[in-house]
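Colleague: mind folding the following:
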Amino acid sequence: MVEVKGDVAELKSDVAELKADIAEVKGDVAELKSDVAELKADMVEVKGDVAELKADMAEVKGNETELKGGFAEHERRLKELTHVVVDLRLHVENQTDKHLAVLAENHVELINKLNMAIKVADRSKMYELKVDLLSEDVKKIKEAMKAG
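Modeller: This is a model prediction of the structure:
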């Protein structure tokens, strides 16, 4: 019987130990439940953040699409302006060259006419001098005829 009492005492000790272990496990389970509840709350927050990020990314993609459209429009306008400038430059060059050629031709003609006018004017001055000399000669002849 002593043996049975020893076994019973050992069993009681084991049961007490098991009860302590169970109490510890219950504490751990309670702590785990608390941690799981906290994790669930964190996951809800993370899901909200992910949803917000998705909405922000959708907005960014929309803005990107809008910017691409704007850039495409600016590129189109730039090409159009480039063509206008090239056409304008060609027009100005063609018209300016043509007008400069006409002016140069007219300038040469005016210089030739001026040179001819100068020759005529020089002859005219020469003729005036001859007329003056002849007039004096005529005057002298008239005076000589009157005197004589």
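Colleague: show me the shaky parts of this protein.
Modeller: Applying pLDDT under 70 to the chain flags the ranges 148.
Colleague: quick check, central residue of it?
Modeller: Nearest residue to the geometric centre of the chain (CA atoms, centre = their mean): His74, 8.2 Å.
Colleague: please identify the helix or strand for it.
Modeller: helix 2-147 (DSSP states H and E).
Colleague: that helix: how far from the chain's middle?
Modeller: 0 Å (CA atoms, centre = their mean, to the nearest Å).
Colleague: how far away is Glu10 from Val102?
Modeller: Glu10 sits at a distance of 131 Å from Val102 (criterion: CB to CB, to the nearest Å). All C-beta spots, glycine's among them, are computed from the backbone N, C-alpha and C.
Colleague: got it, and Val44?
Modeller: On the measure of CB to CB, Val44 and Val102 end up 86 Å apart.
Colleague: do Lys40 as well
Modeller: Separation of Lys40 from Val102 (CB to CB): 92 Å.
Colleague: cool, and Asn94?
Modeller: Asn94 is 13 Å from Val102, by CB to CB.
Colleague: likewise for Val92?
Modeller: Val92 is 16 Å from Val102, by CB to CB.
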